[in-house]
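**Q** Everything below, folded, please.
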Amino acid sequence: MNSQSSNRDGPPPVPATGWDFLTNHAHVLTCVARDPGIRLRDIAERVGITERAAHRIVAELVGAGYLLRERQGRRSRYEIVPELPLRHPLVENREVGDLLAVLVGSPQRGGGADG
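**A** Predicted structure coming up:
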């Protein structure tokens with residue numbers, strides 16, 4: 001009955017790591033949507049994957065046309081192609097931009113010249 005003491009006695013709750021609502025591909029797209037100039041190292045850190053896995057996912061997204069990559073010196077800058085459909089049959093009538101609008105807000109809604 002003393003639920004308060006059980007919260008204080010042990011370590012703070014740790015988020016479940018067995019599954020997630022989004023795939024790593026969706027997490028990578030979210031990182032790119034927030035920062036088009038993000039480095040692979042930073043994507044890997046934020047998503048919780050290896051840099052090699054981040055590189056593979058970005059390459060897959062570029063290869064499938066969901067990301068455009070422009071080299072700027074030693075860095076890359078990415079652009080998401082929001083009108084492409086989501087790949088699963090349950091959501092095939094929705095676009096990548098629809099998902100990103102929910103997760104990070106729509107870039108078109110920003111209204112700024114940079115956004």
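
**Q** quick one, helices of the chain?
**A** Shown for the chain, the helices assigned by DSSP state H span residues 3-9, 24-34, 40-47, 51-63, 96-104, 107-110.

**Q** right, and the ones you listed - which one's nearest residue 79?
**A** In this view, the helices of the chain are compared for proximity to residue 79 by CB to CB, and helix 24-34 is the closest at 8.4 Å. Just so you know, the C-beta spots here come from the backbone N, C-alpha and C atoms, and that holds for glycine as well.

**Q** Please identify the buried residues of the closest one?
**A** 24, 25, 26, 27, 28, 29, 30, 31, 32, 33 (16 or more other CB atoms under 10 Å).

**Q** Look up how far residue 40 lies from the closest residue to the third one other than its chain neighbours.
**A** Of all residues beyond its chain neighbours, the one nearest residue 26 is residue 99 (6.9 Å), with distances taken as CB to CB, 6 or more residues apart in numbering. Distance of residue 99 to residue 40, computed by CB to CB, to the nearest Å: 22 Å.

**Q** got it, and residue 48?
**A** 14 Å.

**Q** Which of these two has more residues huddled nearby?
**A** Neighbours of residue 48 and residue 40, each counted by other CB atoms under 10 Å, are more numerous for residue 40; the result is 19 against 11.

**Q** what's near enough to touch the closest residue to that one other than its chain neighbours?
**A** Closest residue to residue 40 apart from its sequence neighbours, by CB to CB, 6+ apart: residue 54 at 4.8 Å. Counting by CB atoms under 8 Å, 6 or more residues apart in numbering, residue 54 touches 28, 40, 41, 43, 44, 47.
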